[in-house]
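>>> Okay, sequence plus prediction incoming.
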Amino acid sequence: MARSTTARQEATYAKLLQLYPTSYRRQFAEPMQQMFVDLCHERTQNGLDTRGLAYRLYAETLMGALTQHLQETRMNLKTTQAKVTIGVGLIGIIAAIAILSNRPTAQLLHPGLGLKQVRQLSKGTKSACLADSSAAANAVKHDDTFQVYKGTKFSNFESAAGIAITDVPAGTNYHLAINSYANKTVTGTLAYEKDYGTYNYTIKKLPAAGQWQLMSIVACQKS
Amino acid sequence: MSTSKTYTPLTPAVLYILMALSDSEKHGYAIKKQVEADSENKVSMGPGTLYGSLKRMLESGLVAESDKKIDPDMDDQRRIYYKLTGAGKQALEAELERYRRVVSLTKRHAASAGLAVYGA
């Protein structure tokens, strides 16, 4: 009778050990089970009942399993946090390298760049402003399309260049020098009047009719 | 400049386990019995508490697993033995030194307050 009770208690304890995390169980389940058997055996040898001990150890096992799971979760969170930190750091480094390696040449533009941003992007660059080329200007004119607004004819290419910097006030005059036109890409210099500056630009002819897209713009110095 | 490693105070369970292993390597059940003897049955650890503490101590390098072997005083089952590492010995010495300082301070305060000091 006592033997079957002990066997049952051992079986229950073995089941409870399954509640521990796998890694913990792999390392300690066997010696823990062995110790449970030793403790029950000790009490049986002394003619004592093992039920009180067994219940106490069941409770301890439940608490222990919970603690180990919490510890593992905390460790996993730390590991995840570390991975995220390293990932974000790497992305930051890659982005910094990309930005720095782009700086000296051309600043790719997205619609909506203002004067401040263009000047910021141009810091540290020393591009010379580009001269006019009538041959290139004629080639652009050949590919350009026009639209008429209130009786006035507007060049789509010039319109694309004219809005290169979004916060230059409307009505500000500018001179557009066309330096080269190759592979559907125009390079030249855009010189605003007043203090709005002079910039080298790259504008690409898009396949759609009448569409020109500003690709880069950088402050330049007149020679 | 001191180059010695500093140890934060140990939990009672860790301290008793380190003391139990200070003279020889032991398996789990023998550690438990030694802790009960050292603490005059005031500290009793079940398998969950004992192996939970051993796991943390293994991770922090205070103890190490020894070979699996049979305890001649027990049955013929092979058991995992645990032993103190160098770091474990240092941590135990540091903790005992901390206790000695606390006892010494307590004695001085008790003496100045005119209280009886046992073991003085």
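Now that the structure is in, tell me what you want to look at.
>>> which SS class is residue A:44?
Of the three states, residue A:44 takes helix under DSSP: H, G, I helix; E, B strand; the rest coil.
>>> Am I right that it is in contact with residue A:9?
No. Taking contacts as C-beta atoms under 8 Å, residue A:44 lies outside contact range of residue A:9: 10.6 Å. Every residue, glycine included, has its C-beta placed from N, CA and C.
>>> where do the contact lists of those two overlap?
residue A:50 (C-beta atoms under 8 Å, 6 or more residues apart in numbering or on different chains).
>>> quick one: which of these two has more around it?
Neighbours per residue (other C-beta atoms under 10 Å in any protein chain shown) separate residue A:44 from residue A:9, with residue A:9 holding more: 20 against 15.
>>> What residues does the residue most central in space within chain B make contact with?
Nearest to the mean C-alpha position of chain B, by C-alpha atoms, centre = their mean, lies residue B:18 at 2.6 Å. Counting by C-beta under 8 Å, 6+ apart, residue B:18 touches B:10, B:57, B:62-63, B:84, B:88, B:91-92, B:95.
>>> Could you export those to TSV, including columns for secondary structure, pLDDT and neighbour count?
Shown next, in TSV, are those (DSSP: H, G, I helix; E, B strand; the rest coil; pLDDT from 0 to 100; neighbours: other C-beta atoms under 10 Å in any protein chain shown):
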residue	secondary structure	pLDDT	neighbour count
B:10	coil	86	18
B:57	helix	94	24
B:62	coil	94	26
B:63	strand	95	25
B:84	strand	95	24
B:88	helix	94	22
B:91	helix	92	23
B:92	helix	93	21
B:95	helix	91	18
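>>> ok, which pair from those residues is furthest apart?
B:63 and B:95 (14.3 Å; C-beta to C-beta).
>>> Which strand or helix spans the most centrally placed residue in chain A?
Residue closest to the average C-alpha location in chain A (C-alpha atoms, centre = their mean): residue A:91, at 5.9 Å. In the assignment (DSSP states H and E), residue A:91 maps to helix A:51-102.
>>> name the helices or strands packed onto that helix?
In this structure, helix A:51-102 makes packing contacts with helix A:2-17, helix A:22-45, helix B:47-59, judged by 3 or more C-beta pairs under 8 Å, 6 or more residues apart in numbering or on different chains; DSSP states H and E.
>>> model confidence over that helix, on average?
Helix A:51-102 carries an average pLDDT of 82.
>>> Chain neighbours aside, what residue packs nearest to whatever residue of chain B ends up closest to chain A?
For chain B and chain A, the shortest gap (C-beta to the nearest C-beta) falls at residue B:48, measuring 3.2 Å. The shortest distance from residue B:48 to any non-neighbouring residue, by C-beta to C-beta, 6 or more residues apart in numbering or on different chains, is to residue A:64 (3.2 Å).
>>> do the same with residue A:194
residue A:172 (6.7 Å).
>>> Is the one you found in a helix, a strand, or coil?
Assignment for residue A:172 (three-state DSSP): coil.
>>> Roughly how far does it sit from residue A:158?
From residue A:172 over to residue A:158 the distance is 14 Å, taken as C-beta to C-beta, to the nearest Å.
>>> More neighbours: the two, which one.
residue A:158 (17 against 12).
>>> In contact with that one, which residues are there?
Going by C-beta under 8 Å, 6+ apart, the list of residues near residue A:158 reads residue A:176.
>>> buried residues in the helix or strand harbouring it?
According to DSSP H and E, residue A:158 maps onto helix A:156-162. Neighbour counts using 16 or more other C-beta atoms under 10 Å in any protein chain shown place A:156-158, A:160-162 of helix A:156-162 among the buried residues.
>>> State the mean pLDDT of it.
Mean predicted confidence for helix A:156-162 is 80.
>>> And the pLDDT for residue 118?
You didn't say which chain, so I picked chain A. At residue A:118, the predicted lDDT confidence score is 81.
>>> hm, I was asking about chain B
If you check residue B:118, the pLDDT there is 61.
>>> can you check residue A:138 too?
91.
>>> Could you list the low-pLDDT ranges of chain B?
B:1-7, B:76, B:116-120 (pLDDT under 70).
>>> List, one by one, the residues from it near chain A.
Counting by C-beta under 8 Å from any C-beta of the partner chain, chain B comes close to chain A at B:27-29, B:32, B:46-52, B:54-55, B:74, B:77, B:79-80.
>>> any idea how far residue B:33 is from residue A:55?
Residue A:55 sits 21 Å away from residue B:33, taking C-beta to C-beta as the criterion.
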